[in-house]
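1. Predicted model follows, preceded by the sequence.
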Amino acid sequence: MLDPADGSEIDWIVGYSPPPEKFREKIDQALKEIDTYKSLSAWYAKDPKNVEVVYKLAKKVGQKSADERADKLFKEVVALDPEGLKGMTFRGRDKLSFTEDAEFSLAGRAMDNHQDLGPIKAFIKKYADSKLLKTAYSYMSSYYSYQAPKDEAIAFFDEYLARYPEDKEALASFVLWAIRSKSNTDEGIKLAEKIMDLEGYNPQAGSMFNLAQLYAQKGDKTKAGEVYGENFMEGKVTNLAFDLIRYAGFWVNNNDNLKSAEEMADTALKLEPENQSIVQQAAGVYLKLNKAAKALAVFGPNYVKKHMGDAAALNGYAWFWQGQNGNLESALLAARRSVELSPRAAAYDSLSAVYIKLKNYPEALKAAEKAVELGGLQVEAYKRKLENLRKLMEKKEGE
């Protein structure tokens, strides 16, 4: 941004990150000359011993990584306030002194611009309890992963992992080094498997890719296939489908972001068209969008025809539609067939519920009594439902 009067630099904004409102705030501040390069430079010229203005100008100039004026200014901050007592700032969510941030910035610039690790090692030694310590190790790992001799890299990773033995980023840095260097494969596999354990039931695809690379590097393609083969990717597809349908359900329940919700439900169905839970949840999304025809197209009479031999699928179908109080004749067909295939208490409970919605109370009573007779873990619930049904029938008779 240049001053139209004399062509001098007023300010610059490096990069863009959402949301757009926050980016607009930066532009508005620049237009108002709040903490711009020009306003900070003028303030610095008047008050060069003010730690705050020196620090702010150093950060502004430092946005241009090759501008060595930033190094000079950061060093002035440290000289003016060696104990870090004259002002605080934030790096992300971490609050720290101008001085600590200046020293960390100097260390990072020395490594980036000159491959000099001395300052960042000095920072680690001086600020042993700093909230930036893990970031400092992460910075160094990029150097040791790509450029350092093997013995130096191993020494660094020993130190890094001893300090952060449960940190996935630290573990992954060694794993990637083992892949790139084609060495220490067994240790890499051990740590890659630890990452998998830390990530739980749904490990990241990148983590499994790295583990597979190490097994392949070792010559064990069978193990590579076990961790990164067809079964793994099928599981990823299923997990993604459930993530998408949860997203769709959340937004329709909140009556917002509805276009995206419908699109994600559509995508979930494309990924898992035979998964009853996905199909049923998608139908629920469509109904909340007032698209009953679309719901019935995926979870309607054709679904029943396709699953006439699947008692569980039919029972789930019947229970869903009685809950929606719609498509009841088809739900009744499904419930009856489910009872025929598998005369369980839950099936009779669903059949009773459908009959109630159809106001066929005598048949509902027969089915409810059968559910109680077959009992099981839910017998008390079935008894309560039976009692409520009898009270309803008594009320109807008295009307």
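-> Perfect, thanks for sending it.
2. secondary structure class for the residue nearest the centre of the chain?
-> Nearest residue to the geometric centre of the chain (Cα atoms, centre = their mean): Asp243, 9.9 Å. In three-state terms, and counting by DSSP: H, G, I helix; E, B strand; the rest coil, Asp243 is helix.
3. Please report the distance of it from Gly206.
-> As judged by Cβ to Cβ, to the nearest Å, Asp243 and Gly206 stand 17 Å apart. C-beta here means a position set from N, CA and C on the backbone, and glycine is covered the same way.
4. One more: Lys125?
-> 33 Å.
5. and if you look at Leu40?
-> For Leu40, the distance to Gly206 equals 41 Å [Cβ to Cβ].
6. Those two - which one has more neighbours?
-> Higher neighbour count among Leu40 and Gly206: Leu40, with 23 against 10, using other Cβ atoms under 10 Å.
7. Would you mind measuring from that one to Leu289?
-> On the measure of Cβ to Cβ, Leu40 and Leu289 end up 52 Å apart.
8. Also Gln378?
-> Taking Cβ to Cβ, one finds Gln378 at 33 Å from Leu289.
9. Using CSV, write down the CA coordinates of the helix or strand of the chain with the lowest mean pLDDT.
-> Least confident helix or strand of the chain, by mean pLDDT, DSSP states H and E, is helix 20-31 with a mean of 80. Coordinates of each C-alpha in helix 20-31 appear next as CSV, following Å, rounded to 0.1, in the frame of the first residue of the first chain:
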residue,chain,number,x,y,z
PRO,A,20,-12.9,-12.5,5.5
GLU,A,21,-14.3,-10.2,8.2
LYS,A,22,-11.0,-10.5,10.1
PHE,A,23,-9.0,-9.8,7.0
ARG,A,24,-11.2,-6.7,6.4
GLU,A,25,-10.4,-5.5,9.9
LYS,A,26,-6.7,-5.5,9.0
ILE,A,27,-7.4,-3.5,5.8
ASP,A,28,-9.5,-1.0,7.8
GLN,A,29,-6.8,-0.6,10.4
ALA,A,30,-4.2,0.1,7.7
LEU,A,31,-6.5,2.7,6.1
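10. Just checking, which helix or strand succeeds that helix along the chain?
-> helix 37-46 (DSSP states H and E).
11. The protein: strands as residue ranges?
-> Using DSSP state E, the strands found in the chain span residues 88-91, 94-97.
12. Of those, flag the one that's most buried.
-> For these, the largest average neighbour count (mean count of other Cβ atoms under 10 Å) is found in strand 94-97, namely a mean of 16.
13. Neighbouring strands of that strand in the sheet, and parallel or not?
-> Strand 94-97 has the following strand partners under DSSP bridges: strand 88-91 (antiparallel).
14. which other residues reach the partner strand?
-> Tyr55, Lys95, Leu96, Ser97, Phe98, Asp101, Phe104, Leu132 (Cβ atoms under 8 Å, 6 or more residues apart in numbering).
15. Spatially nearest residue to the first one, not counting backbone neighbours?
-> In this structure, Tyr55 finds its nearest non-sequential neighbour in Phe98, 4.2 Å apart by Cβ to Cβ, 6 or more residues apart in numbering.
16. any idea how far Lys86 is from the one you found?
-> 7 Å.
17. So for those two, which sits in the more crowded spot?
-> Phe98 (25 against 15).
18. these two touch, right, the more buried one and Pro82?
-> No. With contact defined as Cβ atoms under 8 Å, Phe98 does not reach Pro82; the gap is 11.3 Å.
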